[in-house]
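Undergrad: model the following, please.
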Amino acid sequence: MLTILLLTFICRVGTPDRLIICDHVIENVLAWRDPYNMCEFIIAGDFNVDLDSFDIVAKRLVKCVR
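TA: Residues are numbered from 1 along each chain as shown. Next up is the predicted model:
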């Protein structure tokens, strides 16, 4: 099985329009994943968020990778 490594970076807390930017990043990740659904994906990078928090960006990222 082919493995694809996708590096992504999310803007930090306090960035103007952070939620909109993060939504676009998530959309792009999903767009890359769809045509290569036969591959294993490793998504890495600096998400600039505590994935265990109640932050809206954290919730969206967790939902995306499940």
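
Undergrad: run through the residues that contact residue 43.
TA: 6, 8, 29, 65 (Cβ atoms under 8 Å, 6 or more residues apart in numbering). C-beta: built from backbone N, CA, C; applies to glycine.

Undergrad: ok, of those, which come out buried?
TA: residue 29 (16 or more other Cβ atoms under 10 Å).

Undergrad: take the contacts of residue 43 and keep only those in helices.
TA: With DSSP state H as the criterion, helices contain 29, 65 from among the contacts of residue 43.

Undergrad: same list (the contacts of residue 43) but as a markdown table, adding pLDDT.
TA: Output for those, formatted as a markdown table (pLDDT from 0 to 100):
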| residue | pLDDT |
| --- | --- |
| 6 | 88 |
| 8 | 89 |
| 29 | 85 |
| 65 | 74 |
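
Undergrad: so how far is residue 50 from residue 37?
TA: Remark: distance between residue 37 and residue 50 (Cβ to Cβ, to the nearest Å) = 29 Å.

Undergrad: just residue 35 next, same as before
TA: 31 Å.

Undergrad: okay, these two: which has more neighbours?
TA: Neighbours were counted for residue 35 and for residue 50 using other Cβ atoms under 10 Å; residue 50 has more, 11 against 8.

Undergrad: helix or strand for the more buried one, which one?
TA: Per DSSP states H and E: residue 50 is located in neither a helix nor a strand.

Undergrad: phi, psi for it please.
TA: The phi/psi pair for residue 50 (degrees, to the nearest 10) reads phi -90, psi 110.

Undergrad: just checking, it touches residue 61?
TA: No. Using Cβ atoms under 8 Å, residue 50 is not in contact with residue 61; the gap is 10.6 Å.
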